[in-house]
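Chemist: requesting a structural model of the entry that follows:
(2 chains)
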Amino acid sequence: MEGDASLRGWEPILRGELTLVDVVEHAFDYRGDVTVDRMDGTRVVGYVYNRDASASEPFVQLFETKSGASLTLPYTAISNIRFTGRDAAAGQSYEAWKRSREGWAESTKSRGG
Amino acid sequence: MSVPAAQAWTVATYVLKQRLMGRKRYPLVLMLEPLLRCNLACAGCGKIQYPAHILKRNLPVADCLAAVEECNAPIVSIPGGEPLLYPHIEELVRELVARRKYVYVCTNAIVLKEKLEAGAFVPSRYLSFSVHMDGLEPEHDEAVCRDGVYAQAAEGIRYAVAQGFRVTTNTTLFDNAEPLRVREFFDAMMDLGVEGMTISPGYGYQKAPDQEHFLGRSRTTKLFAQVLGAKKRRWRFNQSPLFLQFLMGKQDYECTPWGNPLYNMFGWQRPCYLLQEGYAPTFRQLMDETPWEEYGRASGNVHCQDCMVHSGHEPTAVNATFGSLKGLRDTAVSTLTGRL
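Modeler: Numbering: from 1, shown residues only, chains lettered A, B, ... in the order given. A predicted model of the protein is given here:
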């Protein structure tokens, strides 16, 4: 992810070359909450902090946003993952910080500080 | 160098014991992150960009102590986040000191004086505050993205030193560092009375806001050769002299990422403090199941090519000191002469 670009709002369509394994990798790399749609029709919202696609039963681990509980979900129980939460790493670019610092310096000057 | 003799002896005997036991890989410093939240948002830091519910979490003390027991490294470094914001930091430090672990609390020192005035800690040879200082006042305040932090940290250092605490500094240098200013900064830290300094080049965390100022390998060695060349005798470093020589391009070391394993709320981080490729549930699984051959410069891994960071290379330098006559001789010469 470069600059302020983010996957926030992405609702992957799992077909063709895009697989659940790819989406899980993106979710692991994403610094925001996601919504995991389960095969049984239920969903869980949380932060994906680990995954293992090479395990004998591949799994995703997340901290559920509401309860704070750690959940382990097998890949086979997941139908999709949507990138619904704010990306904490987006909009935090060095350029953005420099802009805010320059703005702060200007306002300090104009106040005679 | 400035590591106290008792600590150096503990590390030396630990390393020799590991070698005598034939262990190829062993931890030297456990990086224990009890929380990820911080009271700063530095441009070079990729550690704190998480959702609010993650930043609010704290590792239970029992989990921290279990990780310390499992890893059994002689040194425990407590970074974060800002460890002084951890609500159980006093208890954690007390427990670690009771276990005779050498503890480094890696703090930005914004609330250090306040904590010490409240009597949160007791001076001990096992306890050091490692204060984040990235340069003189303008450089540091710019690095941490907030004015006034240098002054707060300097006040915290002075107070801690006056109270009899061990205090060191930890400094990350980026490619905008000016060697002469860094040398002035070393003088300033010695004037503050710190026991020693640690320095390292920055690493380009994928999530760090500032991606343009991380150092490549050749620029790292050039910068550190300028900074540390003709080293003043009064400068004390809380690091292996061989690691400093490595930064100057005088030694060639491979990364030993298992030397500084990281444990936090997610588990044991693979493969190292910097790369975040997944988590193992136990230390044993981290050591046994991580494909170590895929990391380090010789592996060809692109993420490792420019990395010369202390967390991967200082354990190599320490191992070199006790692993060969040349390493022991080079370390002894540097320690006795003060030259690098």
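
Chemist: spit out the contact partners of the residue lying closest to residue B:226 once chain neighbours are set aside.
Modeler: Once flanking residues are discounted, residue B:226 sits nearest to residue B:179: 3.8 Å by CB to CB, 6 or more residues apart in numbering or on different chains. All C-beta spots, glycine's among them, are computed from the backbone N, C-alpha and C. With contacts defined as CB atoms under 8 Å, 6 or more residues apart in numbering or on different chains, residue B:179 is in contact with B:223, B:226, B:227.

Chemist: try residue B:339
Modeler: With contacts taken as CB under 8 Å, 6+ apart, residue B:339 has the following neighbours: B:231, B:333.

Chemist: and whatever residue of the stretch 1-150 of chain B ends up closest to chain A, how many neighbours?
Modeler: Residue nearest to chain A within the stretch 1-150 of chain B: residue B:49 (4.0 Å; CB to the nearest CB). Using other CB atoms under 10 Å in any protein chain shown, residue B:49 has 21 other residues around it.

Chemist: for residue B:30, same thing?
Modeler: A count of nearby residues for residue B:30, using other CB under 10 Å, gives 24.

Chemist: next secondary structure element downstream of the helix or strand hosting it?
Modeler: Per DSSP states H and E: residue B:30 is located in strand B:29-32. Elements were assigned by DSSP H and E; along the chain past strand B:29-32, the next helix or strand is helix B:52-55.

Chemist: near chain A at all, the helix or strand just after that following helix?
Modeler: Where DSSP H and E defines the elements, the next helix or strand beyond helix B:52-55 is helix B:61-71. No. Helix B:61-71 is not in contact with chain A by CB under 8 Å from any CB of the partner chain; minimum separation 12.0 Å.

Chemist: export only the CA atoms of helix B:61-71, formatted as PDB.
Modeler: The C-alpha trace of helix B:61-71 is given here as PDB (Å, rounded to 0.1, in the frame of the first residue of the first chain):
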ATOM      1  CA  VAL B  61       1.300  -9.900  33.700                       C
ATOM      2  CA  ALA B  62       1.000 -13.700  34.000                       C
ATOM      3  CA  ASP B  63       1.300 -14.000  30.200                       C
ATOM      4  CA  CYS B  64       4.300 -11.700  30.200                       C
ATOM      5  CA  LEU B  65       6.000 -13.800  32.900                       C
ATOM      6  CA  ALA B  66       5.100 -17.100  31.200                       C
ATOM      7  CA  ALA B  67       6.800 -15.800  28.000                       C
ATOM      8  CA  VAL B  68       9.900 -14.700  30.000                       C
ATOM      9  CA  GLU B  69      10.100 -18.200  31.600                       C
ATOM     10  CA  GLU B  70       9.600 -20.000  28.300                       C
ATOM     11  CA  CYS B  71      12.200 -17.900  26.400                       C
END
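
Chemist: mind listing what's buried in that helix?
Modeler: By neighbour count on 16 or more other CB atoms under 10 Å in any protein chain shown, the buried set for helix B:61-71 is B:61, B:64, B:65, B:67, B:68, B:71.

Chemist: repeat that for stretch B:85-93.
Modeler: B:85, B:86, B:88, B:89, B:90, B:92, B:93.

Chemist: may I have the phi/psi pair for the third one?
Modeler: The one in question is residue B:88. phi -110, psi 20 (degrees, to the nearest 10).

Chemist: mind listing the strands for chain B?
Modeler: B:29-32, B:75-78, B:102-107, B:127-132, B:166-173, B:196-201, B:262-264, B:267-271, B:276-280 (DSSP state E).

Chemist: any chance of a markdown table for these, columns mean pLDDT and distance to residue B:304?
Modeler: Shown next, in a markdown table, are the strands of chain B (pLDDT from 0 to 100; distance: least, CB to CB, whole Å):
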| stretch | mean pLDDT | distance to residue B:304 |
| --- | --- | --- |
| strand B:29-32 | 98 | 18 |
| strand B:75-78 | 98 | 21 |
| strand B:102-107 | 98 | 23 |
| strand B:127-132 | 98 | 24 |
| strand B:166-173 | 96 | 18 |
| strand B:196-201 | 94 | 13 |
| strand B:262-264 | 98 | 16 |
| strand B:267-271 | 97 | 9 |
| strand B:276-280 | 96 | 12 |
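
Chemist: next, format the ones you listed as a markdown table and append distance to residue B:255.
Modeler: Listed next are the strands of chain B as a markdown table, based on distance: least, CB to CB, whole Å:
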| stretch | distance to residue B:255 |
| --- | --- |
| strand B:29-32 | 14 |
| strand B:75-78 | 17 |
| strand B:102-107 | 21 |
| strand B:127-132 | 22 |
| strand B:166-173 | 17 |
| strand B:196-201 | 13 |
| strand B:262-264 | 14 |
| strand B:267-271 | 9 |
| strand B:276-280 | 14 |
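
Chemist: OK, contacts around the closest residue to residue B:305 other than its chain neighbours?
Modeler: Spatial nearest neighbour of residue B:305, excluding adjacent residues (CB to CB, 6+ apart): residue B:297 at 6.0 Å. Contact partners of residue B:297, counting by CB under 8 Å, 6+ apart, are B:254, B:255, B:304, B:305, B:307.

Chemist: report the separation between the nearest residue to the last one once chain neighbours are set aside and chain A.
Modeler: Read that as residue B:307. Take residue B:307 and drop its neighbours on the chain: the residue closest to it by CB to CB, 6+ apart is residue B:203, 5.8 Å away. Distance, residue B:203 to chain A, by CB to the nearest CB, to the nearest Å: 15 Å.

Chemist: surely residue B:203 touches residue B:274?
Modeler: Yes. Using CB atoms under 8 Å, residue B:203 is in contact with residue B:274, at 4.9 Å.

Chemist: quick check: bridge partners of residue A:47?
Modeler: Taking DSSP bridges as the rule, residue A:47 bridges to residue A:63.

Chemist: now do residue B:262
Modeler: residue B:31.

Chemist: residues near it, how many?
Modeler: 26.
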